[in-house]
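Q: Just need the structure, nothing else, for what follows:
(one chain, ligands or ions: 2)
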Amino acid sequence: MRTMAAVFYAPRQPIRVEEVNLSDPKSGEVLVRVAATGACHSDYHAVDGHTKAAAVPLVMGHEAAGVVEKVGPNVTAFKAGDNVVFAIRPMCGKCKYCSTNRPNLCNGIKAKPGFMVDGTQRFSKADGTPLFHGLATFSQYTVVPEWTLVKVRDDVPIEKLASIGCAVVTGVGAVVNTAEVKPGSTVAVYGCGGVGLNVIQGAVIAGASRIIAVDIAASKFKFAKMFGATDTVLASETDPVKAIVDMTDGGVDYAFEVIGKPATVRQAFESVCAGGTACMVGVPPTDGEVTIPMRPLFLDRKLIGSSAGTGRPRHDFPWFIELYLQGRLKLDELQTRFRPLTEINEAFQDMLSGTVARTIIKP
Ligand SMILES: [Zn+2]
Ligand SMILES: [Zn+2]
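A: Numbers count the residues shown, from 1 in each chain. Ligands and ions are numbered 1, 2, ... in the order given. A predicted model of the protein is given here:
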């Protein structure tokens, strides 16, 4: 079939929206109509050169929800018409991580980046040149292995659920699954983009007492407060470590870094009290390294990483939908703006300007 898709060719160049070919799902694969897909910073990281794209030209996009259009041979868990949310990591169900309920660390899938497991591709350019692709949700339709999909209830509008598979599970999951924030504890959040806002609302769900939002753009604080921040620190004007240590009698119990930079990982570490935990959530640069002082570490402090919110998608996604229906998880507020696929570059500009919680593409 033919479909419109956003193709990334090279860093610091606009993403191009083109009509491309998409072949039928093979064994174990599913064709999904993408209902809504979020403009997430981890795609933009390849555009601005923070991380290196695995292969180009690449059909981008990974945070999405949609409806199953057609299933390939040997697919039994899905049928046409099912509402699905994409999980950003594979879940083979067999490796040592999947077997110990840590599917976010799954290493059982041996596909080369940009290829399906069988070493071929489903997307190609109009002239037949193959295109690299992962979940490839910046497209009207995509073909993915069935183990990346989570079937969800069909009584919630599917486009509302676009961000569950990335921003929500990464942010809320970092709080409840990875760091296991205790009720009554204090929390600082460095970086108030789409994932940072979900760390903030995760801290609310976990029962945190004080939630301090840190950013260099004051425009983000409107959203941070909407999602539950009790205090804000403008890091472009104030030393955030000193401000947090002063506000909390020696530091917060938990600090989350949601930017992916060595300097802010160190600041997060220096913001926690003795016995506290600093958690890196932001995507690190390809060759990033961080240095931390040893004496503070000696006082029972922890520096940990959180990958895809230590999420268990088949458990967590239905739970997030329950929380949303109970009014305890903000999904509507996360969708500040909607754009068509042709405005993918503008969607990333929205994100960089700090004027949106998330821009959602409706392809
Ligand atoms: Zn993402
Ligand atoms: Zn696995």
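Q: Starting from the helix or strand of the chain with the lowest mean pLDDT, tell me the next helix or strand along the chain.
A: Every helix and strand of the chain was ranked by mean pLDDT, DSSP states H and E. The lowest is helix 41-48, at a mean of 88. Sequence-wise, the next helix or strand downstream of helix 41-48 (DSSP states H and E) is strand 58-59.
Q: Show me what that next one is packed up against.
A: strand 2-8, strand 132-133 (3 or more C-beta pairs under 8 Å, 6 or more residues apart in numbering; DSSP states H and E). C-beta: built from backbone N, CA, C; applies to glycine.
Q: Out of these, which gets nearest to G171?
A: strand 2-8 (24.0 Å; C-beta to C-beta).
Q: what's in contact with the closest one?
A: 15-22, 43, 46-47, 53, 56-61, 123, 125, 131, 136, 138-141, 341-342, 344, 363 (C-beta atoms under 8 Å, 6 or more residues apart in numbering).
Q: Show me which positions of stretch 137-147 end up buried.
A: For stretch 137-147, burial by neighbour count (16 or more other C-beta atoms under 10 Å) applies to T137, F138, S139, Q140, Y141, T142, V143, V144, P145, E146, W147.
Q: do stretch 289-309 as well
A: V290, P296, R301, L303, S306, S307, A308, G309.
Q: ok, and which of these reach ligand 1?
A: Restricting the buried residues of stretch 289-309 to those touching ligand 1 (C-beta under 5 Å from the ion) yields no residues.
Q: Confirm that A224 sits in a strand.
A: No. Using DSSP: H, G, I helix; E, B strand; the rest coil, the assignment for A224 is helix, not a strand.
Q: Tell me which residues touch the residue lying closest to it once chain neighbours are set aside, please.
A: Nearest non-adjacent residue to A224, counting by C-beta to C-beta, 6 or more residues apart in numbering: A213, 3.7 Å away. Going by C-beta under 8 Å, 6+ apart, A213 touches 188-189, 192, 196, 200, 220-221, 224-225, 229, 231-233.
Q: what about A213, which SS state?
A: Classified using three-state DSSP, A213 is strand.
Q: Tell me the pLDDT of it.
A: At A213, the model reports a pLDDT of 98.
Q: likewise the one 3 residues further on?
A: pLDDT, the model's per-residue confidence, is 96 for I216.
Q: Number of residues surrounding the spatially closest residue to it that is not a sequence neighbour?
A: The shortest distance from I216 to any non-neighbouring residue, by C-beta to C-beta, 6+ apart, is to S236 (4.2 Å). Number of residues near S236 (other C-beta atoms under 10 Å) recorded here: 9.
Q: what helix or strand is S236 on?
A: Per DSSP H and E, there is no helix or strand for S236.
Q: and the gap between it and ligand 1?
A: 25 Å (C-beta to the ion, to the nearest Å).
Q: Same question for T238.
A: Taken as C-beta to the ion, the span from T238 to ligand 1 is 29 Å.
Q: can you pull the contacts of the closest residue to ligand 1 within the stretch 51-200 of the chain?
A: Closest approach between the stretch 51-200 of the chain and ligand 1, counting by C-beta to the ion: C166, at 3.4 Å. Residues near C166 by C-beta under 8 Å, 6+ apart: G38, C40, S42, H62, E63, I88, V195.
Q: The closest residue to the fifth one other than its chain neighbours in helix, strand or coil?
A: It stands for E63. Using C-beta to C-beta, 6+ apart and skipping the chain neighbours, the partner closest in space to E63 is C166 (3.5 Å). For C166, the assignment made with three-state DSSP gives helix.
Q: got the residues of the stretch 51-200 of the chain near ligand 1?
A: Within reach of ligand 1 by C-beta under 5 Å from the ion, the stretch 51-200 of the chain has these residues: E63, C166.
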